[in-house]
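Engineer: fold the stuff below for me.
(chains A and B)
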Amino acid sequence: MLLEVEDLRVSYGAIEAVRGVSFSVDRHEIVTLVGANGAGKTSILRALSGLAELCGGSVRYSGQELRNVRPHDIVRRGISHVPEGRLAFLNLSVHENLLLGAYTRTDGEGVRESLEKVYALFPLLRERRRQVAGTLSGGEQQMLVLGRALMSDCKLLLLDEPSMGLAPILVQEVFDTIVSVRAMGTPVLLVEQNASMALSIADRGYVLETGRVTLSGKASDLAQMEEIRAAYLGE
Amino acid sequence: MDKTGFSGFLRGVGRYAPLLGLIVFYIGVTYLREIQYLKAYYLQVLMFGLINCMVTMGLNLINGVTGQFSIGQAGFVAVGAYTSAAITTLMFQFSALSPLARPFVFLISILAAGAVAGVFGYIIGRPSLRVKGDYLAIVTLGFGEIIRAVIRLIPQVGGPRGFSGIPRYVNLAWILAFFALTIWFLRNYIYSSFGRACVSCREDDLAAETMGINTTTHKVQAFIIGAVTAGVAGALLAHLLGYLHPDQFSYIRSTDFLVYLYAGGAGTMSGAIAGAMVLTILPETLRFLAGWRLVIYGLALVLMMLYRPNGICNGKEFSFLIPPLAPRNPEEARD
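Structural biologist: Next comes the predicted model:
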């Protein structure tokens, strides 16, 4: 297993957002965590990338414990986190945004290759490379932050709500890209409220409710289950 | 790109054009002073302007580039000024030294001023960067006032009476040399990967952290470099004035530097230089207005903010303030 999370706990003051969650991500997998608002999905990702403090449990990545490793060091180990709300550097150009994604790398040749890969994946970004990121549409910004995360040549991509605030046609496009990212060999841990979309591209899924995993299994099975259809798929 | 022949030669010269310009400027000013066209007073104003430029460029790294809000810059100038003055005046009895030894002692005092200011930058920066925005501003404001209060308590440097008898050793050449050095260093820093990391801290802390950038380290680094710049400028100021008083370095002085930076255009070196130069010279040229001088000065600031909210330079950088190899656009971006 590439990533093994056991009994993960995250608290904000007295409020326990994540109450003992265990899951794993293997190489070449898309794993999704689905659940309603406040289920603790974002907190889990923040804990994995070091942005939130772990209160308990363990996170093992490639056999190494990630607890107490600082966020910028976690990036160096190959985990790239695309936080909720996109967070592009709005005053910098598309090109500069992408270069910052490769900040931890020192191999100039490899960075150029990654840049070409990202531009191949998102031809639109190449067209707009000189444009300031703030002038891109929401969907384009989502492409940009995805590309920026890929520039770090990560071994695991954490995506937080990539569909948030996007038009349905763009959501489809973003999810297609996630599939291509996996096809290029990068496993993805995807957090989504849009459960039906997430389960349609994922290999496995975990359903979260108020900080606990209530269901898990193959994504295609989960998508068929009565209670999930009722609770999250709006049927 | 052709690197040989006449165009290559021109490009080679172009690289040194700013330096040549500075030398021509120096010769020109010295000549005008020599033929008594330029009054000593105006030369003094020019030198103050250049020193203010240095301090403001340092502040630009902290406030403009890294996006922290520091209003204690005068405190660092004070640290540098008093440190260097203490070295030349108290440690070495500067006037008793042989003329040959003087430049070396003065140089040492400048370096020490920068180093001590840098240490203060670290001491202040490290804990206070845990707070952000308005709170950081208040912490740095408090720091500046503490420095001033402490200086008042040290009788060796004159305490509340002020520090007099400092050799007036600085001339235009010294100031221009350090002015050029500051520009060269800050320009290359801002356009390095360190500088890009600083910009990303300004744009979005959290996103920067997810890029693998240690935001705390870069903020503290920017703070230290800004303080060193102020310290060096302080050393020059002390030996230009020959007299220091704690009240020269009050929070009002810090506010002046902020005004220079934002009027010129925060985030660019051009803005820092233009703002500090224009706003140092403007109040002096308005002296004929007597009592109305500060009214007009204030009005000028208001109008500037209304019609040029991005500063005199409008957020643009003079081309000589961009290093020759910096990735200006994606086509030229190699490494």
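
Engineer: burial count for residue 111?
Structural biologist: Picked chain A for this. Look at A:Val111: counted by other Cβ atoms under 10 Å in any protein chain shown, it has 20 neighbours. Where C-beta positions appear, they are placed from N, C-alpha and C, glycine not excepted.

Engineer: that's the wrong chain, I meant chain B
Structural biologist: Residues contacting B:Leu111 under the criterion other Cβ under 10 Å number 16.

Engineer: please apply the same query to B:Arg168.
Structural biologist: 11.

Engineer: what's the distance between it and chain A?
Structural biologist: With distances taken as Cβ to the nearest Cβ, to the nearest Å, B:Arg168 is found 44 Å from chain A.

Engineer: that residue in helix, strand or coil?
Structural biologist: Three-state call for B:Arg168 (DSSP: H, G, I helix; E, B strand; the rest coil): coil.

Engineer: contacting residues for the closest residue to it other than its chain neighbours?
Structural biologist: Leaving out its chain neighbours, the residue that sits closest to B:Arg168 by Cβ to Cβ, 6 or more residues apart in numbering or on different chains is B:Gly242, at 4.1 Å. Taking Cβ atoms under 8 Å, 6 or more residues apart in numbering or on different chains as the criterion, B:Gly242 is in contact with B:Ser164, B:Gly165, B:Ile166, B:Pro167, B:Arg168.

Engineer: now the fourth one, what are its backbone angles?
Structural biologist: With angles defined as degrees, to the nearest 10, B:Pro167 shows backbone torsions of phi -60, psi 130.

Engineer: quick check, pLDDT for it.
Structural biologist: B:Pro167 carries a pLDDT score of 90 in this model.

Engineer: what about the nearest residue to it once chain neighbours are set aside, neighbour count?
Structural biologist: Spatially, and ignoring its direct neighbours in sequence, B:Pro167 is nearest to B:Phe94 (4.3 Å; Cβ to Cβ, 6+ apart). The local packing of B:Phe94 (other Cβ under 10 Å) involves 21 other residues.

Engineer: which residues in chain A form helices?
Structural biologist: Using DSSP state H, the helices found in chain A span residues A:41-48, A:71-76, A:94-101, A:108-121, A:123-127, A:138-150, A:168-183, A:195-201, A:219-224, A:226-231.

Engineer: could you list the low-confidence segments of chain A?
Structural biologist: Residues of chain A meeting the criterion pLDDT under 70: A:229-235.

Engineer: what does it put close to chain B?
Structural biologist: Contact residues, chain A versus chain B (Cβ under 8 Å from any Cβ of the partner chain): A:49, A:51, A:70-73, A:75-76, A:80-83, A:87-93, A:95-96, A:99-101, A:103-104, A:108, A:129-130, A:148-149, A:152.

Engineer: apply 6 Å and report the result again.
Structural biologist: Residues of chain A lying close to chain B (Cβ under 6 Å from any Cβ of the partner chain) are A:71-72, A:75-76, A:81, A:83, A:87, A:89, A:91, A:95, A:100, A:103-104, A:108, A:129.

Engineer: among these, who's most crowded?
Structural biologist: Within those, A:His81 tops the neighbour count with 27 neighbours, counted by other Cβ under 10 Å.

Engineer: what residues are up against the nearest residue to it once chain neighbours are set aside?
Structural biologist: Using Cβ to Cβ, 6+ apart and skipping residues adjacent in sequence, the residue nearest A:His81 is A:Ser49, 3.7 Å away. Each residue near A:Ser49 by Cβ atoms under 6 Å, 6 or more residues apart in numbering or on different chains is listed here: A:Pro71, A:Ile74, A:His81.

Engineer: rerun that using 8 Å as the cut-off
Structural biologist: Neighbouring residues of A:Ser49 by Cβ under 8 Å, 6+ apart: A:Pro71, A:Ile74, A:Val75, A:Ile79, A:His81, A:Leu158, B:Thr210.

Engineer: how about B:Gly231?
Structural biologist: B:Gly231 makes contact with B:Phe76, B:Val77, B:Val79, B:Gly80, B:Thr83, B:Ala113, B:Gly114, B:Ala115, B:Val116, B:Ala117, B:Gly118, according to Cβ under 8 Å, 6+ apart.

Engineer: just the buried ones from the residues you listed?
Structural biologist: The neighbour-count criterion (16 or more other Cβ atoms under 10 Å in any protein chain shown) marks B:Phe76, B:Val77, B:Val79, B:Gly80, B:Thr83, B:Ala113, B:Gly114, B:Val116, B:Ala117, B:Gly118 among those as buried.

Engineer: find the closest residue to chain B in chain A.
Structural biologist: Using Cβ to the nearest Cβ, A:Val75 is the residue of chain A that sits closest to chain B, at 3.1 Å.

Engineer: dump the residue contacts of the nearest residue to A:Met151 once chain neighbours are set aside.
Structural biologist: Spatial nearest neighbour of A:Met151, excluding adjacent residues (Cβ to Cβ, 6+ apart): A:Gly101 at 3.2 Å. Contacts of A:Gly101 were listed using Cβ under 8 Å, 6+ apart, and they are A:Gly147, A:Arg148, A:Ala149, A:Leu150, A:Met151, A:Ser152, B:Met211.

Engineer: returning to what we had before: quick one, phi/psi of the residue nearest to A:His81?
Structural biologist: Torsion angles, degrees, to the nearest 10, at A:Ser49: phi -90, psi 10.

Engineer: how much space between the residue of chain A closest to chain B and B:Thr215?
Structural biologist: Per Cβ to Cβ, to the nearest Å, A:Val75 is found 12 Å from B:Thr215.

Engineer: what's the farthest-apart pair in the contacts of B:Gly231?
Structural biologist: B:Val77 and B:Ala115 (14.7 Å; Cβ to Cβ).

Engineer: about what we covered before: redo the contacts of B:Gly231 as a markdown table? Include distance to chain A and pLDDT.
Structural biologist: Listed next are these as a markdown table, based on distance: Cβ to the nearest Cβ, whole Å; pLDDT from 0 to 100:
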| residue | distance to chain A | pLDDT |
| --- | --- | --- |
| B:Phe76 | 27 | 96 |
| B:Val77 | 30 | 96 |
| B:Val79 | 31 | 96 |
| B:Gly80 | 32 | 96 |
| B:Thr83 | 34 | 96 |
| B:Ala113 | 33 | 97 |
| B:Gly114 | 28 | 97 |
| B:Ala115 | 28 | 97 |
| B:Val116 | 30 | 97 |
| B:Ala117 | 28 | 97 |
| B:Gly118 | 24 | 96 |
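
Engineer: pLDDT on the helix or strand hosting B:Asp134, on average?
Structural biologist: For B:Asp134, the host element (DSSP states H and E) is helix B:133-152. Average pLDDT, helix B:133-152: 90.

Engineer: could you export it as CSV, CA atoms only?
Structural biologist: Provided in CSV are the C-alpha atoms of helix B:133-152 (Å, rounded to 0.1, in the frame of the first residue of the first chain):
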residue,chain,number,x,y,z
GLY,B,133,-1.8,41.5,9.1
ASP,B,134,-2.8,44.2,11.6
TYR,B,135,-1.4,42.3,14.5
LEU,B,136,2.0,42.0,12.9
ALA,B,137,1.9,45.7,12.2
ILE,B,138,1.3,46.5,15.9
VAL,B,139,4.1,44.1,17.0
THR,B,140,6.6,45.8,14.6
LEU,B,141,5.4,49.2,15.7
GLY,B,142,6.0,48.3,19.3
PHE,B,143,9.4,47.0,18.4
GLY,B,144,10.4,50.3,16.8
GLU,B,145,9.4,52.2,19.9
ILE,B,146,11.3,49.8,22.2
ILE,B,147,14.5,50.3,20.2
ARG,B,148,14.1,54.1,20.6
ALA,B,149,13.4,53.7,24.3
VAL,B,150,16.4,51.5,24.9
ILE,B,151,18.7,53.9,23.0
ARG,B,152,17.6,56.7,25.4
